[in-house]
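Enquirer: quick one, structure for this:
(4 chains)
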2 protein chains.
Amino acid sequence: MILTDNQRAVLNFIQRYIATHGVAPKLQEIAEGIGIRSRGVAHRYVQALADAGYLAIDSGKHRGIRLLRENPHQPQTTLPLLGKIAAGKPIEAIPGEDEINLLDFFGKNNFAVRVQGDSMIDAGIFDGDIAVIEFRETANDGDIVVALIDEEETTLKRFKRSSQGRFIELIPANKDMETMVYGAHRVRIQGVLVGQLRKY
Amino acid sequence: MILTDNQRAVLNFIQRYIATHGVAPKLQEIAEGIGIRSRGVAHRYVQALADAGYLAIDSGKHRGIRLLRENPHQPQTTLPLLGKIAAGKPIEAIPGEDEINLLDFFGKNNFAVRVQGDSMIDAGIFDGDIAVIEFRETANDGDIVVALIDEEETTLKRFKRSSQGRFIELIPANKDMETMVYGAHRVRIQGVLVGQLRKY
DNA sequence: CGCATCTGAGAACATATTGAGAACACGATG
DNA sequence: CATCGTGTTCTCAATATGTTCTCAGATGCG
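Expert: Here you go, the predicted structure:
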């Protein structure tokens, strides 16, 4: 069965939509996606694609389109790690470490925050970067933590206890800023920095 | 099982709530969180998510929702993005931007390299960081590129043409190091920096 | 032209999904 | 125990979405 141009456009749109959103589009969205206004027409295309075996329809259900043939959208989670850079031959593989798995950045209790301000700039954490935080209520000296001060202000700083734990120092990584010291009861740990991402 | 839009919204809300508060939300809070007023409706959504295997209910108990495996069907590729940090109230959601998708770091031609040396330290790229590179043979002025010099040495530097393209400047981001200038034919671009990861 | 095919609009209908809220059971708390 | 808050179940109604249809226009072809 040969697909018409518009059928191919619909199939392509559905594939892209699922790759982006993780769920199938609604007929209304398909229609808009290929520049028409009729849900009925969109349905006709989807039906044709189903007849041709490209996808299946969970009849009646909202977003009830499932792709068949193509890869059932198993997202790639690793990148080839090609070697060290800035030294040596073109790019050499590193023995024993040949890919990086992004899933390492996930844990049950991880979340992300966008960093604002320059207080950790000397630690390579810049304004606009995304910090990956593991939710925890305790931290060790030297950890970089998300700390809530007086239940009011949240900040990302290096953590250190002092005076047998009666005080907590929050140390910025920026030589123009000064360490802040609080009574232990005024500081609540919300999480510990476990990773960092930046997108250019 | 396909989740409806609101079911996904509820799941997302619960995940974010638990990440920030450490305990599960009440049905009333879930309802408010997705903009409805009925506890009964919220319960219907939670029940549906339990049926789909995303969470478990300690029946009857207050706040008796437990998250199960983060995603029963697919590897998780997004992290909840909880808000900006270092300013303002505890952690606020950012309207319209509530998760970060790690698949953004993938492209057809992406690969990763581990950075060695301090030549880009002022750009927040530290020794040991992982740079995500898109394989390309051309670059624009200002891009950070992986450059192969004399088919021998590979380096990560900021790229700039000069003298009508006859020379290429490779500019480090480190005030202790100097810009290197090469004849255009001696430099071959291997890729352009599109992202950066660090794991603590 | 007459005909077939592809296309788009939109009406009409069935049902999936949603929201409100009442009523009741039971856990939490003093 | 007594009270309140919370979870649970239920019905009713409204809205959104999928489905099927008819009508109409455009295009290509014998």
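
Enquirer: list the contacts for residue A:120?
Expert: By C-beta atoms under 8 Å, 6 or more residues apart in numbering or on different chains, the contact list for residue A:120 reads A:144, A:156, A:157, A:158, A:172, A:173, A:174. From N, CA and C alone the C-beta is placed, and that goes for glycine too.

Enquirer: which SS class is the residue in chain A positioned nearest to DNA strand D?
Expert: Taking C-beta to the nearest atom of the strand, DNA strand D has its nearest neighbour within chain A at residue A:40, 2.8 Å off. Here residue A:40 is recorded as helix under DSSP: H, G, I helix; E, B strand; the rest coil.

Enquirer: ok, now which ones touch it?
Expert: For residue A:40, the contact set (C-beta under 8 Å, 6+ apart) is empty.

Enquirer: and with 10 Å instead?
Expert: Contact partners of residue A:40, counting by C-beta atoms under 10 Å, 6 or more residues apart in numbering or on different chains, are A:27, A:31.

Enquirer: now do it against residue B:42, distance only.
Expert: Computed as C-beta to C-beta, to the nearest Å, the residue A:40 to residue B:42 distance reads 34 Å.

Enquirer: wait, what's in contact with the nearest residue to residue A:186 once chain neighbours are set aside?
Expert: Nearest residue to residue A:186, sequence neighbours excluded (C-beta to C-beta, 6 or more residues apart in numbering or on different chains): residue A:150, at 5.4 Å. Contact analysis of residue A:150 by C-beta under 10 Å, 6+ apart lists A:182, A:185, A:186, A:187, A:188.

Enquirer: could you do residue A:26 as well?
Expert: Residues counted as contacts of residue A:26 (C-beta under 10 Å, 6+ apart) are A:17, A:32, A:39, A:42, A:62, A:63, A:64, A:65, B:5.

Enquirer: with respect to DNA strand C, which of these is nearest?
Expert: Looking across those and measuring by C-beta to the nearest atom of the strand, the closest to DNA strand C is residue A:62, at 4.0 Å.

Enquirer: which helix or which strand is home to the residue most central in space within chain A?
Expert: Geometric centre of chain A, nearest residue: residue A:112, 7.6 Å, by C-alpha atoms, centre = their mean. Secondary structure from DSSP states H and E places residue A:112 in strand A:110-115.

Enquirer: give the other helices and strands that the next helix or strand after that strand contacts.
Expert: For strand A:110-115, the following helix or strand on the C-terminal side (DSSP H and E) is strand A:130-135. On a contact count with 3 or more C-beta pairs under 10 Å, 6 or more residues apart in numbering or on different chains; DSSP states H and E, strand A:130-135 meets strand A:110-115, strand A:144-149, strand A:187-199, helix B:5-21, strand B:78-85, strand B:187-199.

Enquirer: buried ones in the third one?
Expert: Think strand A:187-199. A:187, A:188, A:189, A:190, A:191, A:192, A:193, A:194, A:195, A:196, A:197, A:198 (16 or more other C-beta atoms under 10 Å in any protein chain shown).

Enquirer: check the longest one too.
Expert: By neighbour count, and taking 16+ other C-beta under 10 Å as the criterion, the buried residues in helix B:5-21 are B:6-20.

Enquirer: how's chain A carved up into domains?
Expert: Per the record, chain A has its domains at A:5-67, A:105-197, by automatic domain parsing.

Enquirer: and of these, who's closest to residue B:124?
Expert: Closest approach to residue B:124 among the domains of chain A (C-beta to C-beta): domain A:105-197, 4.6 Å.

Enquirer: tell me the gap between the closest one and the middle of its chain.
Expert: 20 Å (C-alpha atoms, centre = their mean, to the nearest Å).

Enquirer: likewise stretch A:51-69?
Expert: So, by C-alpha atoms, centre = their mean, the centroid of stretch A:51-69 is 28 Å from its chain's centroid.

Enquirer: is that stretch in proximity to DNA strand D?
Expert: Yes: shown here: stretch A:51-69 in contact with DNA strand D (C-beta under 7 Å from any atom of the strand) through A:57, A:59, A:60, A:61, A:62, A:63, A:64.

Enquirer: now do the SS call for residue A:32.
Expert: Put simply, residue A:32 is helix when judged by three-state DSSP.

Enquirer: burial count for it?
Expert: 14 (other C-beta atoms under 10 Å in any protein chain shown).

Enquirer: wait, isn't it in contact with residue A:25?
Expert: Yes: between residue A:32 and residue A:25 there is a contact at 9.2 Å, judged by C-beta atoms under 10 Å.

Enquirer: pull up the overlap in contacts between the two.
Expert: Taking C-beta under 10 Å, 6+ apart as the criterion, residue A:32 and residue A:25 both touch A:13, A:42.

Enquirer: element containing residue A:47, please.
Expert: For residue A:47, the host element (DSSP H and E) is helix A:39-51.

Enquirer: quick one: distance of that helix to the chain centre.
Expert: That offset, for helix A:39-51, works out to 33 Å (C-alpha atoms, centre = their mean).

Enquirer: between that helix and helix A:5-21, how big is the angle?
Expert: 90 degrees (axes from the mean of the first three to the mean of the last three C-alpha atoms, to 10 degrees).

Enquirer: report the buried residues of helix A:39-51.
Expert: Per 16+ other C-beta under 10 Å, helix A:39-51 contains these buried residues: A:41, A:42, A:45, A:46, A:48, A:49, A:50.
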